[in-house]
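Engineer: Below: sequence and its predicted model.
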2 protein chains.
Amino acid sequence: MADHLTLVFGALADPTRRDIVARLAVGDATVGELAAPYDISVQAISKHLKVLEGAGLVTKTAAAQRRTVHLEAEVFDLMTKWIEKYQQQAEERYQRLDALLEQLDQDGNVIPQPQEKSS
Amino acid sequence: MADHLTLVFGALADPTRRDIVARLAVGDATVGELAAPYDISVQAISKHLKVLEGAGLVTKTAAAQRRTVHLEAEVFDLMTKWIEKYQQQAEERYQRLDALLEQLDQDGNVIPQPQEKSS
DNA sequence: CATCTAATCAACCGAACGGTTGACAAGCCC
DNA sequence: GGGCTTGTCAACCGTTCGGTTGATTAGATG
């Protein structure tokens, strides 16, 4: 099976599923309630929910024949952490580049590629 | 064509592409440099880069026959905003639920479903 | 000019995806 | 119990996806 981040990003790479997440952020809902706004079959929604469930974004609890779907917001932290990591790295890199360019400005020397080669 | 968020999430729903993003956060690289660590073909990496490019996560600049690939960190903001929106909504919902439960505790009345129906 | 290198384009392949329809399971309600 | 409601399971279908191989373009270099 794929790793968690792949499942989470994959789950949110679909507009319908993002829509469902948006709906669930307001409050829990049954499968039927979630399916109502769309003109695709209930089975298709059920599949979407299984993808969201597989990514840990959603949990289902069976009460009578109704399944209540609940959003698990904590999983978002996983994504946010991943994103912030590279956002931060990229920013640091820019700052290093800026510092370097500033330094170059002082002695007037021009180097086209500031980063070093690996290999 | 799909909307931007779909493209971004879709692009990051693949471990190899997330890996490439991680590599690019450290600094720009050529297609060949990006392909080196993997035992899949350069063509496959080229395809991955096209997906990342289509999502606006990456830009390519052609210098000689080498294409330098550059990470565009700003696109992450789009995702972060989307995520934070529902993270925040879900949290607010919990707080409302907590407040409600606390209130219920006081007069001892029990209501099973705190959110209202929309139909 | 000939050739080597770097990267893309194009066609193809199997697997996964998003959707459908049909059958079925599990509860409520008359 | 019989039937309605709610939801899932299973099989199928066309499209997309991640990968391959082969050919081709574009620039550096002998």
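Structural biologist: Nice, thanks for sending it over.
Engineer: Show me which residues of chain A sit near chain B.
Structural biologist: Residues of chain A lying close to chain B by CB under 8 Å from any CB of the partner chain are A:2-3, A:5-6, A:9-10, A:12-15, A:18, A:21-22, A:25-28, A:33, A:36, A:71, A:73, A:76, A:79-80, A:82-87, A:89-91, A:93, A:115, A:118-119. Just so you know, the C-beta spots here come from the backbone N, C-alpha and C atoms, and that holds for glycine as well.
Engineer: Narrow these to those in strands?
Structural biologist: Among the residues of chain A next to chain B, DSSP state E puts residue A:71 in strands.
Engineer: Got the domain ranges for chain A?
Structural biologist: Under the assignment automatic domain parsing, the domains of chain A span A:4-71, A:74-106.
Engineer: Taking chain A, what residue is nearest to DNA strand D?
Structural biologist: Closest contact between chain A and DNA strand D, by CB to the nearest atom of the strand, is at residue A:32 (2.5 Å).
Engineer: Between the domains of chain A, which one is closest to residue B:43.
Structural biologist: domain A:4-71 (22.1 Å; CB to CB).
Engineer: now stretch A:19-39: how far from the chain's centre is it?
Structural biologist: 19 Å (CA atoms, centre = their mean, to the nearest Å).
Engineer: before we move on, the earlier item: buried ones from the residues of chain A next to chain B, can you make that a ChimeraX selection?
Structural biologist: Of those, the buried ones go into a single ChimeraX selection, burial set by 16 or more other CB atoms under 10 Å in any protein chain shown:
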select /A:5,6,9,10,12,13,14,18,21,25,27,28,33,71,73,76,79,80,82,83,86,87,89,90,93
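Engineer: restrict the residues of chain A next to chain B to those near DNA strand C?
Structural biologist: A:10, A:13-14 (CB under 7 Å from any atom of the strand).
Engineer: Just the ones of these in helices?
Structural biologist: Members of those lying in helices (criterion: DSSP state H): residue A:10.
Engineer: Going by distance to residue A:53, which of the ones next to DNA strand C among the residues of chain A next to chain B wins?
Structural biologist: Distances from residue A:53 to those, taken as CB to CB, are shortest for residue A:10 (12.9 Å).
Engineer: For that closest one, give its distance to residue B:2.
Structural biologist: To residue B:2, residue A:10 is 14 Å away according to CB to CB, to the nearest Å.
Engineer: ok, and what's touching stretch A:5-16?
Structural biologist: A:1-2, A:17-18, A:21, A:38, A:40, A:45, A:48, A:51-52, A:54-57, A:75, A:78-79, A:82, B:2-3, B:5-6, B:9-10, B:12-15, B:18 (CB atoms under 8 Å, 6 or more residues apart in numbering or on different chains).
Engineer: quick one: contacts for residue A:82?
Structural biologist: By CB under 8 Å, 6+ apart, the contact set of residue A:82 is A:5, B:18.
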